[in-house]
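Trainee: what would the 3D arrangement of this be:
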Amino acid sequence: MTIELPPRVPSINGKLSHGTDIDIIACRRKLDAPDNRVVFGVRWALRPELGFPPNGFYVLRVYENGEADPVFNTDGPLLLPGVVMNHGVATVDKMKIIADARARRPDRSGEAPFGPYFPDDAIPMLVSLAPVLRFAAPRVDRAERLSALNDISSHMGDTHLENTVLSELYWRTGKYPTIDEIKQGDPTRLHDVMSFYREAAVRNLLALAVRFEYAKFLGLGWDDLLPEGLIDQTKIRYRLIVGEGSVAETDPLDGNSVCDPDPPSALRIEPRLGRPVEHPLFAAFKPGKPDAWPRKSQGLPPFCSGDRFPCAPAYAAALFWESPIPPRPKRLLTHGPVLYQVERLQPPVQGQEFEVLPGASRVILRKPPAEGPPPPAWIDAPSMQWPPMEGECSYRVRGVDLFGVVGSRATEDSVTLVDDLSPPPPRLGGSPPLALDVDGAAQRVSVPIEILWDSREDFAAPDCAGFRVAVTWSLQTTRPVIVTRIDHEKLGELSHVQADVTLGDPLAPKGAAIPRDVGRTLAGCRLVTPSSQFLILRDEPTTLGATVRVRKSAGLAPSPGDAVVYATEAASNLVHCSAENRRSPIALTIADAQLEQRGSRPRKAIAIRVSPIVDGTLPPSEALDLYLHFFGASFAATPQGPDLWLFEDLEDRDPRAAMIDQLDQIPNWQAAIMGSPVIAYPRHPDVLSIAIPTEYRGEPIDFHAGVLDLHVTATDGKPNRPPTDTSGLPGNVSAPVSRRIVIRRKAPPPAPKPSRGVKWAKPGARYADDATYELTWERVPGAARYEVERVLEGHFGYQPNALSDDDLRDLAARRLDLFERRSNQVIGPRFTDRLPGRAPTRSLYRVRAISDTEEAGPWSEAIGPIRVPDVRIAPPPNLLRATAPPVVDDRQRRLRLEWTQGGPLDDLGFVVEVSDGAGNDGWRLVADYLPGMLAAEENARFVAELVDQVPGKPTQFRVVAVRHALDPADPWGLARTRIRGLESNEVTAMALGELRPPTDLAARYLGDGAIELTWRNRDEYRWIEVRRRAPGAYGFTRSRCDGDRQRFSDALPAGAKAGEWHYELVAIGYGRQAHGGDIVLTV
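Mentor: Numbering: from 1, shown residues only. The predicted structure follows:
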């Protein structure tokens, strides 16, 4: 049979080279039965740069005798589907795309072994290729392509923006124009973009043509059903005619070959973390609520969280294989496999058939990268059904050629998929105590704990089966020490407070140094002094005993004295404590929703009510955590009542906040979210009973305090996973989440024992603003520090010295509320207190010991009273006046002094001192008033009357206040000492009255003309005048002697007459004189 060749068509770059520019291959499809007619699969191609020929393809079946028949069952050549020619101009019609697709469908009414093709219901979907066909088809009007530019850009994902050439030319700044802007802009740019999509459209269609059904649809392949009765099929060749006589023919051997592609040369399978598996609980909500938020039609911002439902990770099988095609001359087409089909048998059971995996029937083997490991050819991800794929899986991989034939031979391998993914760690909720106290005899401690597991963890590990708790103990110990030596040269090093200190043992005689081997164990501990604490860095090599280097960031350097070392021993081994099953989550739905304004919040809140999918009673709302999902967003809610829940507060930058703000703009938004999925996650409260350790590192201990670390893990309990923790239970275990609690045993130390006796503060004999007293007591075993409180005598509301010491102690025992804290950081059994030192007072103290577990012991009995010596120097009195009262009767020779005294008057007396006022600086005491002898009148005015003063004598007076304070040198506290105050101003005065004369005048003749007069002075005289009258004389001879003389010797003149000598005695005072009498002596 001969046919007439079609007229020549316009040239495609002239003659085309066979194999590199134009190519055609064929193979005989496998016969299913001996009486089937023979079908040859034929494939042809042009180099992609040439595009599709304007007049399509001609393919002839050429016999041995040279005759040829057309292969197609259509009139004329094969054009791209949907192409309609009108006066040399092509257009693409969508209806013709469907018509051409159906016309090229093979007739499967018989039993001929045709290749694969689209089913009837899939053919209408081919219309989506219309924009690609418009750009790939030749001779399409430019206006039609321009109208399809938006469609092809959207179809190909705006790939023109990623093209390096176009980017370098037109959008180097990163500002990408839209397609509409490209259409209206630079014509050159528009031309380049359209040229890019013309080339991209051709390559896109040629890539689809790797699958035979697409090749036949696009006019690049055909199933040729040979005529009946054709005996010799091996002599058949196929000829492809393109353009102006460009011809290609199949190889002569193609008639003998049967379509059966080779399998991969090697297959290797590795387990690998694959794509997520849908969370199992969401199966209860299917079909789910639409989760698309209203879009541009309502002018609202788009909002979508991605996956409709949460998914959990699961393992997959990564398959690696290599192409079996050996190197051969480069041609456009090949008989070898271009695609691969993956089949799986799970689990491998004898007699069971392999199944072709969805999506794995046509796998393209991609070219490996130049560097690095090759990616998997295929990943067999688990299905979206729970539980994910596990166990042993066998795989087969077959080749698929360009004719759509799946090879009869396969390469097999198997892999065991084991879930070794550990769950995420749980969270711990509630308000845990920082410390727990146990009774002194308790052997176990009860620790409250609340384990939280909600959507944050469950969506990553829905197979979590339970939780496990393990514990470790770290003992806390204290050691009293004495800082005996400080190396100040190290202070300030590295801008820190740092020093080398030598430690002594306060329990050893005279505070002997601690051995150095003990000091080596103190690194990392804390040295606590009364004023600060330091980190012990390391032991320093010295010959002085335990010397350690301490440091802190800033502050004062350590000071000598009592200190304590706090040490936390290394943690013990991990010990399994308890295991708890996970409480199953509950599937709920939204039953009601309302927008509410809560308080002063600017944003409205969504209040919802929920209902269970399966009838049942929900746990209390406070024991649940809710997860909600609607409009593509996920939320958490907090309980507001028995069945009312409130959405969490959202920050302004959270896109969900804008969604809630605009909810009321959506008509019937409540109805849209009714029935949306809600998951309630029960919490896991528990009280753990944990044994208190009785030994530590193999040594028995008497537990006082320690740190309990709880380590909580989640586990999936998989029985095929070996134990990895101390529980000895199987399963994958998460990383632990820890909580630290201090455990303290209630064992209060005993009360301190103070010393007794009268105690005085220092200084006790000189003026000071503050007095000091060192309070001491016996060291209490088990005490880490002490608390000291004080009460002053004045706090009881009594006058000073109104109570005896015993009464004061009894009152202090009843009024414990009056004690005030002086220090709670007293390290050793001593405390130096500063007391008010300007006034005498008594203070009482009490002390209690605090153990290393912060357990306070009983208070000691009242210590004291501690007496503060009175060292007050009284201020000078203000001497107002000194006056002589009028002489009335016998009240004469008196002076009245008046003065005022500032300051406290307790225990205050006065002395009055006088000076003669005649230039003599000497002062003498004339009056000493003890406390209580003078009563203060109004305005603290004192009045004293001096009697028997020398009349008429001008005298200077001053007053001095004298404090009669208890003497601290007296161990019984009874003796007093005088503290002289400052002198007052001076006042001059003189008394009124008469001068008293001398008395008891006597005379005695001594012989030899010597006479001795004696008398007794009764007053103070300026001088005394002795008058003498000789016998027979009428006048007196006067002699003067000092006023304080009481004896006078007189010598008679020579030749004196014998007879009666008369003597008179006259006392001369201040403005007055007194006659002391006369006497007659016969010589």
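Trainee: from Lys759, how far out is the closest residue to Arg815 other than its chain neighbours?
Mentor: Sequence neighbours aside, Phe796 is the residue nearest to Arg815 in space, at 6.7 Å (criterion: CB to CB, 6 or more residues apart in numbering). To be clear about C-beta, it is placed using only N, CA and C from the backbone, and glycine gets the same treatment. As judged by CB to CB, to the nearest Å, Phe796 and Lys759 stand 19 Å apart.
Trainee: of these two, which one has the most company?
Mentor: Using other CB atoms under 10 Å as the criterion, Phe796 and Lys759 rank with Lys759 on top: 22 against 17.
Trainee: measure the more buried one to Ser804 for me?
Mentor: Noted for Lys759: a distance of 16 Å to Ser804, by CB to CB.
Trainee: now His191
Mentor: Using CB to CB, we find His191 at a distance of 118 Å from Ser804.
Trainee: same question for Gly731.
Mentor: 78 Å.
Trainee: the more surrounded of these two?
Mentor: The neighbour comparison of Gly731 against Ser804 (other CB under 10 Å) goes to Gly731, with 26 against 10.
Trainee: hang on, isn't that one packed against Ala465?
Mentor: Yes - using CB atoms under 8 Å, Gly731 is in contact with Ala465, at 6.9 Å.
Trainee: mutual contacts of these two, please.
Mentor: The contact sets of Gly731 and Ala465 overlap at 715-717 (CB atoms under 8 Å, 6 or more residues apart in numbering).
Trainee: show me where the stretch 351-500 of the chain dips below the pLDDT cut-off.
Mentor: 351, 383-385, 488-495 (pLDDT under 70).
Trainee: how about the strands in it?
Mentor: Assigned by DSSP state E, counting those that start in this stretch, the strands in the stretch 351-500 of the chain fall at 355-356, 363-364, 378-380, 391-400, 411-417, 427-428, 435-438, 444-452, 466-487, 497-504.
Trainee: okay if I get the ones you listed as CSV plus mean neighbour count and distance to Asp21?
Mentor: Shown next, in CSV, are the strands of the stretch 351-500 of the chain (neighbours: other CB atoms under 10 Å; distance: least, CB to CB, whole Å):
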stretch, mean neighbour count, distance to Asp21
strand 355-356, 12, 36
strand 363-364, 16, 24
strand 378-380, 22, 33
strand 391-400, 21, 26
strand 411-417, 18, 35
strand 427-428, 16, 67
strand 435-438, 16, 87
strand 444-452, 17, 69
strand 466-487, 20, 68
strand 497-504, 22, 85
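Trainee: of these, which approaches His711 most closely?
Mentor: With CB to CB as the measure, strand 466-487 is the member of the strands of the stretch 351-500 of the chain nearest His711 (4.7 Å).
Trainee: distance from the chain centre to that closest one, please.
Mentor: Chain-centre distance of strand 466-487: 23 Å, with CA atoms, centre = their mean, to the nearest Å.
Trainee: what is it packed up against?
Mentor: If contacts are counted by 3 or more CB pairs under 8 Å, 6 or more residues apart in numbering; DSSP states H and E, strand 466-487 sits against strand 497-504, strand 561-568, strand 575-581, strand 684-691, strand 705-715.
Trainee: so what strands line up beside it?
Mentor: Strand 466-487 has the following sheet partners, assigned by DSSP bridges: strand 497-504 (antiparallel), strand 561-568 (antiparallel), strand 575-581 (antiparallel), strand 705-715 (antiparallel).
Trainee: got the CA positions of it in CSV?
Mentor: C-alpha atoms of strand 466-487 as CSV (Å, rounded to 0.1, in the frame of the first residue of the first chain):
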residue,chain,number,x,y,z
GLY,A,466,2.5,7.7,80.6
PHE,A,467,5.0,9.4,82.8
ARG,A,468,7.8,8.3,85.1
VAL,A,469,9.4,10.0,88.1
ALA,A,470,12.9,9.5,89.3
VAL,A,471,14.7,11.3,92.1
THR,A,472,18.1,12.3,93.3
TRP,A,473,19.2,13.6,96.7
SER,A,474,21.9,16.1,97.5
LEU,A,475,22.7,16.4,101.2
GLN,A,476,23.2,19.9,102.8
THR,A,477,25.7,20.1,105.7
THR,A,478,27.0,22.9,107.8
ARG,A,479,30.4,23.2,109.6
PRO,A,480,31.2,25.9,112.2
VAL,A,481,34.6,27.5,111.7
ILE,A,482,36.6,30.4,112.9
VAL,A,483,38.4,32.8,110.5
THR,A,484,41.7,33.1,112.2
ARG,A,485,43.9,34.7,109.5
ILE,A,486,43.2,36.8,106.4
ASP,A,487,45.8,37.4,103.6
